[in-house]
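Asks: What follows is a predicted protein model with its sequence.
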Amino acid sequence: MFEGISEKLGSTLKRIRGYGKLTDDNIQDALKEVRLSLLEADVNFKVVKDFIESVKNRALGQEVINSLAPGQQFIKVVHEELVSVLGEKNSELDLRSAPPIGIMLVGLQGSGKTTTAAKLARTLKDQHKRKPYLVPADVYRPAAIEQLKMLASQIGVGVYDTEPGRNPVDISKHAESVARNEGYDVFIVDTAGRLHIDDELMEELKKIKAEINPHEILLIADAMTGQDAVNVSTSFNEALDIDGIILTKMDGDARGGAALSVKAVTGKPIKYFGIGEKLDALEVFHPERIASRILGMGDVLTLIEKAQSAFEEKKAEEMTRKLFKNQFSLEDFREAMLAMRKLGSLENMSEMIPGMKQIAKNPKAIDMAEKEMKRTIAVIDSMTLKERKNHTLLNGGRRRRIAKGSGTKVEDVNRVIKNYVQMKDMMKNMGKMGKLAKKMMRFM
């Protein structure tokens, strides 16, 4: 995500970070490179112009020039201005109204509306404890109707039984009534798209809007289309007065132009972004965190939130206690790795950890790490519960049996056990250091 722009901005800012003194000349040189990086990322020209002007005015101010670390202050200014362009703060869905709350998804064909409708329903169900109802209103594509019904079944939410050929306005209105009568508190209407914007499409969407009066109209825009996504957003906003945007395919070859332009151009916030095909691959758009990712500073808060959703609080506390008391078994080790896999790919995780983004650029290293994790889980799965609870039982014969059962080699089994023991010993020593520190504090 943002790989191109992040790399170019990163090299420019790395140079300026080392400057002991900032002058008008070296600031101008840095800003030229920043400007070029943004334009190459397909950021709207006016947005780039305003951004550079804001950074320049602040960078030449006394706050930066006279600071002890002017290079760091310059980067701070760039980060803050990026946050401003992206939208200052995250914009939550408005779920405060009386149910059923209507959410209308609009966008061009191929932008990912149908999959996003299911992702949003899953998010509302799991994170907001809502009871969502999906409404297939794209009657021109029977496959889209069947797809949404199938996705609804996968995530365990209700879905309106749309039949191709019916009027999408009537479908939307009747679905709202069904949602109210059957106790659904949110209904999400997946409207029809086109390959390009036309008057017929807009008229249909305007009629649906007038009939159901949705609380939120969200535009689904393909981030990979760059500046075109901004133009599409502008057209839909002028016709429907949208409430927000969901950017899809952010994990693809997206240069970042759409994300950095759309809020500034339309004035409407990006509320979510999609980072994959899986139904849990929808994230809240936090401008400050995205700006940090672009500048290679990581996104630890999102990683923590993902970890909290993957680990049950009581289970996490129990594992921590076992680690420091030297009671952490291979069974616990396996559970921790399974939970870690729920966080997403190692590539996406490395982008969130400060200083680790370079790892994401090494596909071989990522692939090897993913394979090693799968191999470790397979090895532990081939052990008996008794062996997982007490690794000292694992003699030569047992290790050969485990290797055969997991489709690995004895050396692989040995490596898994060695890694586990080393981690356990390290955590044991950390626990001792913590106890020692507490004792020392009593005498201070």
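Replies: The structure has been received and is ready for your questions.
Asks: for stretch 133-147, the distance to its chain's centre please.
Replies: Remark: stretch 133-147 is offset 26 Å from the chain centroid, using C-alpha atoms, centre = their mean, to the nearest Å.
Asks: Numbering from 150 from now on, please.
Replies: All right, first residue 150 from here; so that's stretch 282-296.
Asks: Which residues does that stretch contact?
Replies: Residues outside stretch 282-296 that contact it (C-beta atoms under 8 Å, 6 or more residues apart in numbering) are 249, 258, 262-264, 266-267, 270, 297-298, 300-301, 306-309, 311-317, 320-321, 324, 327-328, 331, 333, 335-342, 357. In this view, the C-beta of every residue, glycine as well, is placed from N, C-alpha and C.
Asks: Show me which of those are buried.
Replies: Neighbour-count burial (16 or more other C-beta atoms under 10 Å) applied to these gives 249, 262-264, 266-267, 270, 297, 300-301, 306-309, 311, 317, 320-321, 324, 327-328, 333, 335-342, 357.
Asks: about what we covered before: just the ones of the contacts of stretch 282-296 in helices?
Replies: Among these, the ones falling in helices (DSSP state H) are 262-264, 266-267, 270, 297-298, 300-301, 317, 320-321, 324, 327-328, 357.
Asks: which stretches of the stretch 350-499 of the chain aren't confidently modelled?
Replies: Flagging of the stretch 350-499 of the chain using pLDDT under 70 yields the residue ranges 401-405, 445-466, 468-469, 472-473, 489-499.
Asks: now the strands for the stretch 300-449 of the chain?
Replies: 307-308, 335-339, 365-371, 393-397, 419-423, 431-433 (DSSP state E, counting those that start in this stretch).
Asks: what's the most buried one of those strands?
Replies: With neighbours defined as mean count of other C-beta atoms under 10 Å, those peak in mean count at strand 335-339, which reaches a mean of 29.
Asks: now that one, how far from the chain's geometric center?
Replies: Distance of strand 335-339 from its chain centroid, counting by C-alpha atoms, centre = their mean, is 22 Å.
Asks: residues making contact with it?
Replies: So strand 335-339 is in contact with 244, 248-254, 262-263, 266, 269-270, 273, 279-287, 293, 297, 321, 324-325, 328, 357, 361, 363, going by C-beta under 8 Å, 6+ apart.
Asks: orientation of it relative to helix 317-330 in degrees?
Replies: 160 degrees (axes from the mean of the first three to the mean of the last three C-alpha atoms, to 10 degrees).
Asks: Walk me through which strands strand 335-339 pairs with, and which way each runs.
Replies: strand 250-255 (parallel), strand 281-285 (parallel) (DSSP bridges).
Asks: could the ones you listed go into TSV alongside mean neighbour count and distance to E467?
Replies: Shown next, in TSV, are these (neighbours: other C-beta atoms under 10 Å; distance: least, C-beta to C-beta, whole Å):
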stretch	mean neighbour count	distance to E467
strand 250-255	25	37
strand 281-285	28	32
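Asks: Nearest to I201 among these would be which one?
Replies: Set against I201 and scored by C-beta to C-beta, the strands paired with strand 335-339 come closest in strand 250-255, at 32.8 Å.
Asks: Determine the angle, from 0 to 180 degrees, between the closest one and strand 393-397.
Replies: Using the same axes, to 10 degrees: strand 250-255 against strand 393-397 is 50 degrees.
Asks: In CSV, list the strands paired with strand 335-339 along with mean pLDDT and distance to I395.
Replies: CSV is the format used below for the strands paired with strand 335-339 (pLDDT from 0 to 100; distance: least, C-beta to C-beta, whole Å):
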stretch, mean pLDDT, distance to I395
strand 250-255, 96, 8
strand 281-285, 96, 15
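Asks: With distance to G554 as new columns, can those strands be given to me in TSV?
Replies: Shown next, in TSV, are the strands paired with strand 335-339 (distance: least, C-beta to C-beta, whole Å):
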stretch	distance to G554
strand 250-255	47
strand 281-285	42
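Asks: Nearest to G545 among those strands would be which one?
Replies: Nearest to G545, of all the strands paired with strand 335-339, is strand 281-285, at 54.6 Å by C-beta to C-beta.
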